[in-house]
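In: Just the structure for this:
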Amino acid sequence: MIAKGKSISHGTAALEYDLAKEINGEAAATEIHRHELFGCTGEEMVQEMKPYFVDFPNVKNNCLRFEVSPSVEESAGMTDADWAKLGNDFMQRMGLMNHQYIIVKHSGTEKNSRQAHLHILANRVSLSTALEKAALAEQAARCGISTSEYCRTLALGGRPKERYTEEERELFREIARLKGTLQRLNNYFGGRQYREVFEENQALINELKKILSR
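Out: Have a look, this model is predicted:
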């Protein structure tokens, strides 16, 4: 089996070609599998990838294109399910299972009508990128530093310390709930006859606000 790939900037044109492939005037393309893509055309599917490109404006070749070609003998008798397994196994080995991609089989080539092979177009940006960024931001916030400072510390071999332990964060959450309860009580006991209760509660609420703002 032979496989080759490269990053490309013309994802739409490549995918439209893969989907519309003909040999001697007859359709030669069969969609085998797709992951997190829902469009009907190559243009629509590449359009679905574009929101993930936003964070990488300097990356021009934002799609990956692969060709996976087993020998004629290897592919003889292979079903579409077999081809799908081959394509997905390839993507897993490449570490690209968490990317948007589509697998299209061509039944042959102009030179050899029996040389079936796969074309795979994938988003170069992982679907988990946004989740990873959010996780980094959350970890940085727990350490009381910016995301860039957190990443810089990790890059230099450091290990940023969390500002609070999980037990302390749970205590803060409990304090926040208590503050909310007291605030609701104050809203209820706002009349003059409950002025003393109101003032005591308000003083306690102010103290809790100071703790939560640390």
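In: C-alpha from now on. contacts and neighbour counts both.
Out: Fine.
In: and the closest residue in space to L15 that isn't next to it in sequence, what is it in contact with?
Out: Residue nearest to L15 in three dimensions, not counting chain neighbours: G42, with 5.1 Å by Cα to Cα, 6 or more residues apart in numbering. Listed by Cα atoms under 8 Å, 6 or more residues apart in numbering, the contact set of G42 reads T12, A13, L15, E16, L19.
In: I'd like those laid out as a markdown table, including neighbour count, secondary structure and distance to R65.
Out: Shown next, in a markdown table, are the contacts of G42 (neighbours: other Cα atoms under 10 Å; DSSP: H, G, I helix; E, B strand; the rest coil; distance: Cα to Cα, whole Å):
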| residue | neighbour count | secondary structure | distance to R65 |
| --- | --- | --- | --- |
| T12 | 18 | helix | 11 |
| A13 | 12 | helix | 12 |
| L15 | 24 | helix | 9 |
| E16 | 14 | helix | 13 |
| L19 | 20 | helix | 13 |
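In: Mind putting these into JSON lines with pLDDT?
Out: Listed next are the contacts of G42 as JSON lines, based on pLDDT from 0 to 100:
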{"residue": "T12", "pLDDT": "95"}
{"residue": "A13", "pLDDT": "96"}
{"residue": "L15", "pLDDT": "97"}
{"residue": "E16", "pLDDT": "96"}
{"residue": "L19", "pLDDT": "96"}
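In: three-state assignment of the nearest residue to V68 once chain neighbours are set aside?
Out: Sequence neighbours aside, A3 is the residue nearest to V68 in space, at 4.4 Å (criterion: Cα to Cα, 6+ apart). Put simply, A3 is strand when judged by DSSP: H, G, I helix; E, B strand; the rest coil.
In: before we move on, back to that, out of the contacts of G42, flag the one nearest to F53.
Out: Closest approach between these and F53, by Cα to Cα: T12, at 14.3 Å.
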